[in-house]
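**Q** Starting from these lines, generate the structure:
(one chain, ligands or ions: 4)
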Amino acid sequence: MKKKLVLIGNGMAGVNAVEQLLKLAPNAYEITVFGSEPHPNYNRILLSSVLAGDADIKDIVINDWDWYKDNGITLHAGHTVSKIDTARKVVQTSSGITAAYDDLILATGSLPFMLPLPGADKEGVIAFRDIQDCQTMIEASKKYKKAVVIGGGLLGLEAARGLRNLNMEVSVVHIFKYLMERQLDETASSMLRSELEKQGMRFLLEKNTDSILGKKRVTGVRFKDGTEVDADLVVMAVGIRPNVALAKENGIEVNRGIVVNDYLATNVPNVYSVGECAEHRGVAYGLVAPLYEQGSELAKRLAGVESAGYQGSVVSTKLKVSGVNVFSAGQFTDEPGTRSVRVQDDFEGVYKKVVIKDGKVIGSVLFGDTSDGSKLFAMIRSGEDVTGKEKQVLLGDNAGGGAKSGLDYVAAMANDEIVCGCNGVSKGAIVNAIQEKGCASVNDIKACTKASGSCGGCKPLVADLLTLTLGVDGVKTVKEGICGCTEHSRDEVVEAIRSMRLTTTKEVMNVLEWKTEEGCSKCRPALNYYLGMAWPEEHEDERDSRFVNERNHANIQKDGTYSVVPRIYGGVTSPKELKKIAEVAEKYDVPMVKFTGGQRIDLLGVKKDDLPKMWADLDMPSGYAYGKALRTVKTCVGSTFCRFGTQDSIAMGIELEKRFERLNTPAKVKLAVSGCPRNCAEATIKDFGVVAIDGGWELHVGGNGGVKVRATDLLCKVKTEDEVVEWAGAYLQYYRENAKWNERTSEWVQRVGLDTISAALEKKEDREALVARIEKTLSLTTDPWKEIIEKDQLRATFEELPSPELTAAKQ
Ligand SMILES: Cc1cc2nc3c(=O)[nH]c(=O)nc-3n(C[C@H](O)[C@H](O)[C@H](O)COP(=O)(O)OP(=O)(O)OC[C@H]3O[C@@H](n4cnc5c(N)ncnc54)[C@H](O)[C@@H]3O)c2cc1C
Ligand SMILES: NC(=O)c1ccc[n+]([C@@H]2O[C@H](COP(=O)([O-])OP(=O)(O)OC[C@H]3O[C@@H](n4cnc5c(N)ncnc54)[C@H](O)[C@@H]3O)[C@@H](O)[C@H]2O)c1
Ligand code: SF4
Ligand code: FES
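**A** Residues are numbered from 1 along each chain as shown. Ligands and ions are numbered 1, 2, ... in the order given. Here you go, the predicted model:
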């Protein structure tokens, strides 16, 4: 008869131990699992990705409901064990379910630490630990604007990034002067802070929280120094505590965590513990890699496989915030007896530090370029002697001597050594996937073994293993599908549209065998754009494939109202135009009239059914403030009035705006023209910036003043106004034809490189061909609001009344 195994805690550590046990001894136990959360086992690590909008809840399930059934496991999800009778070997849930065991695993994880502040029980004060918390944040972001995250550690910063992606204003409160002080030194921490500030996060450092303000729901946070910050949502990310209450109440020895020996056994016979709740040699871990190592040892023990037992783990961390590469491992601070090698490149934003003691690498911090992370981590764990080649550890062979390459490292790894700590995948499992299952790219390996699918820190090692096993030529260059509905890349899709003359999204989906019938919110607008770009005459814009703002030709606001932004060429208006705008604002009771950063006037708080009437009364062109299109052309006063001006920037700005208005582009496009190098129109943070110089103009490209600030690259200098217009047209069309949908010029220029763009535009005949194509497209555009006003059926969608045709059809 099978023995009975009960697992309390359906989380990452406990279920991983069961998975490993099933591999070693599939028939040894009848298994019962209890989990408080009403979900199957999921990857908690990826909650950060769910919050950031990069993954769905369904994508993060590790073992679905069927897995339990297929392995004969009884799962009680949504049930909390409240009692363990260690004498009778029975557990009981608060809902009354009982289960007898021969062996019991406690894997109850941790509880987020909630600061015991006055007001901490208010609505809107939460932790970030499980699916429920994640959903609460996503819901809150739909209604509220201001989030405060308390704690500038890994969790706090990942929460902050996610909340920024949800369009919330985020302030991170941290008790120390430096962020992530448990993982980074001051230099790396300062670099991290300035990078995150560029992403729009605000930091309140050295702040000790005093209380949470508000009546029923939180409205703010007060600090001990008397200052306050507004908040509609407060996320506490100030650390975790092992969840030990159940063990303690039932006579199992507990210190900070549940005390276990090298075989993960507690002081009570047949009771084991793994995961964040367990304390081994005085350490309770908070990262998955060590928990999986514990699981592996426990599985061996339960399966009767001899082993040396668990010896403790060295840990490494990687912050999962897109656009920021941070790695930390081992002991990274300088102590007596340690020496370190550092490299700092402020131009590239790179910092690397390796700490060495007694000839061995004992710790490392990397910022900006973390590609050496896995290699350094392997060195820390192996304790290899690097005496005499300390510099090569960081600088590679350029520093002389013979430090090992990444390939040497993976070659030297033992087969059972873990490559992907997040998913507990060994070198042997990866090599097996390559040799036996035909995996030939990092993506294949991810799909097959899960390695590299969580924090991504092991990707370089996985790539090295591929090269080692298959040779450079055998590794598949990975093409990324434009979304989950297809494996076809942007270039393949555009090529198919062109070569097969596909003109509707349905055709594209059929011909390229889309996996879903209707596509998704990512591919449908992208296809609609590519089709319009390739076939401006033949393709009919598919309104339903556009986002709500573009469908309605107005920006939806957080309260469900819209904004109206008429075009004001070059930011130049007249008393007559201003009077008209004022009259319309009064007539429709517009609650707010505001100047935008792009030199125009925003009428905010407009009801949907007033939109067509207001546009009819305004009789001005749409400013496309809502679209992936040319937005504004900002100008300074230039030589007309300014004593420094060398050229007429206003006339140039108006010329460009009139020429390119209504142009559909992969992502929004902003232009600016400055009348002299003082650059008052801030042309060097625009998608296309024009700066007047003595005897001509400088043309700048790829700038961005938004979340990721980027200064432009200088494309070229030209002499005449006509040349400015020609280059602008050629550049915009080249961008339209080559960028991915939703890719800003700042990202595109970095991806394809300025040299490629310069080469494509260098020859006059190439520029003229591009200009001819952009002019064709422009000649086919019409003002959307004029069209809506004129067409009853379109107007009816705004007035929320059935259109005359529909009414007639029903009668
Ligand atoms: C947002 C986020 C991002 C993270 N990112 C990373 C990362 O990038 N890298 C990394 O290494 N780590 C990361 N971590 C930490 C990692 O997720 C944890 O170390 C890991 O999940 C701990 O696993 P565990 O099984 O010990 O605990 P848990 O995953 O917490 O599982 C314990 C489970 O037991 C259940 N339980 C508790 N008591 C009972 C009871 N009495 N009866 C029944 N069920 C019970 C709990 O509800 C829970 O579901 C992250 C954590 C979070 C929250
Ligand atoms: N990428 C990753 O590896 C990753 C991501 C998220 C979470 N995690 C893990 O999840 C667990 C929880 O993460 P965490 O960041 O909450 O824990 P943590 O203990 O690593 O960091 C908490 C941070 O909050 C700060 N803090 C403490 N009290 C504060 C206060 N009163 N006001 C402001 N700041 C305060 C601390 O100085 C510390 O930097 C950890 O085990 C962590 O390793 C890991
Ligand atoms: S950029 Fe030069 S010309 Fe334009 S306003 Fe500034 S100083 Fe005057
Ligand atoms: S180590 Fe995190 S995904 Fe592999």
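**Q** and the spatially closest residue to Thr486 that is not a sequence neighbour, how many neighbours does it have?
**A** Spatially, and ignoring its direct neighbours in sequence, Thr486 is nearest to Trp514 (5.5 Å; Cβ to Cβ, 6 or more residues apart in numbering). Where you see a C-beta, it was placed from the backbone N, CA and C, and this is true even at glycine. A total of 20 residues lie near Trp514 under the criterion other Cβ atoms under 10 Å.
**Q** Would you mind giving both backbone torsions of Trp514?
**A** Trp514 adopts backbone torsions of phi -60, psi 150, taken as degrees, to the nearest 10.
**Q** same check, this time on Glu542
**A** Phi and psi for Glu542, reported as degrees, to the nearest 10, are phi -100, psi 100.
**Q** List the contacts of it.
**A** For Glu542, the contacting residues are Thr504, Thr505, Arg524, Asn528, by Cβ atoms under 8 Å, 6 or more residues apart in numbering.
**Q** Go again with 6 Å.
**A** Contacts for Glu542 (Cβ atoms under 6 Å, 6 or more residues apart in numbering) come out as Thr505, Asn528.
**Q** for Val341, which residues make a bridge with it?
**A** Val354 (DSSP bridges).
**Q** pLDDT score assigned to the residue nearest to Thr486?
**A** Trp514 is assigned a predicted lDDT (pLDDT) of 88.
**Q** what are the phi and psi angles of the residue of the stretch 151-300 of the chain at minimum distance from ligand 3?
**A** Evaluated by Cβ to the nearest ligand atom, the stretch 151-300 of the chain has Lys198 as its residue closest to ligand 3, separated by 24.7 Å. Here is the backbone geometry of Lys198 (degrees, to the nearest 10): phi -60, psi -30.
**Q** Which positions in the stretch 601-750 of the chain make contact with ligand 3?
**A** 636-638, 642, 644-645, 649, 674-676, 678-680 (Cβ under 6 Å from any ligand atom).
**Q** do that again at 5 Å, thanks
**A** Within the stretch 601-750 of the chain, the residues that sit near ligand 3 (Cβ under 5 Å from any ligand atom) are Cys636, Val637, Gly638, Cys642, Phe644, Gly645, Ser674, Gly675, Cys676, Arg678, Cys680.
**Q** okay but Asp369 is in contact with Val350, surely?
**A** Yes: contact status for Asp369 versus Val350: in contact at 4.8 Å, counting by Cβ atoms under 6 Å.
**Q** Can you show me the strands along the stretch 551-700 of the chain?
**A** 555-556, 562-564, 592-595, 601-606, 630-635, 669-674, 688-693, 696-701 (DSSP state E, counting those that start in this stretch).
**Q** can you put those in a markdown table and add mean neighbour count and distance to Asn261?
**A** Converted to a markdown table, these look like this (neighbours: other Cβ atoms under 10 Å; distance: least, Cβ to Cβ, whole Å):
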| stretch | mean neighbour count | distance to Asn261 |
| --- | --- | --- |
| strand 555-556 | 18 | 59 |
| strand 562-564 | 24 | 65 |
| strand 592-595 | 12 | 66 |
| strand 601-606 | 20 | 65 |
| strand 630-635 | 28 | 65 |
| strand 669-674 | 28 | 63 |
| strand 688-693 | 25 | 66 |
| strand 696-701 | 22 | 63 |
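**Q** where among those is the average confidence lowest?
**A** Least confident of the strands of the stretch 551-700 of the chain, judged by mean pLDDT, is strand 555-556 with a mean of 76.
**Q** Neighbouring strands - and their directions - for that strand?
**A** Strand 555-556 sits in its sheet next to strand 562-564 (antiparallel), going by DSSP bridges.
**Q** who touches the strand it pairs with?
**A** Contacting residues not belonging to strand 562-564 are listed as Ala554, Asn555, Ile556, Asp602, Leu603, Leu604, Val606, Lys608, Leu611, Met614 [Cβ under 6 Å, 6+ apart].
**Q** before we move on, what about stretch 751-761?
**A** Identification of contacts with stretch 751-761 by Cβ under 6 Å, 6+ apart yields Asp713, Ala730, Tyr734, Arg767.
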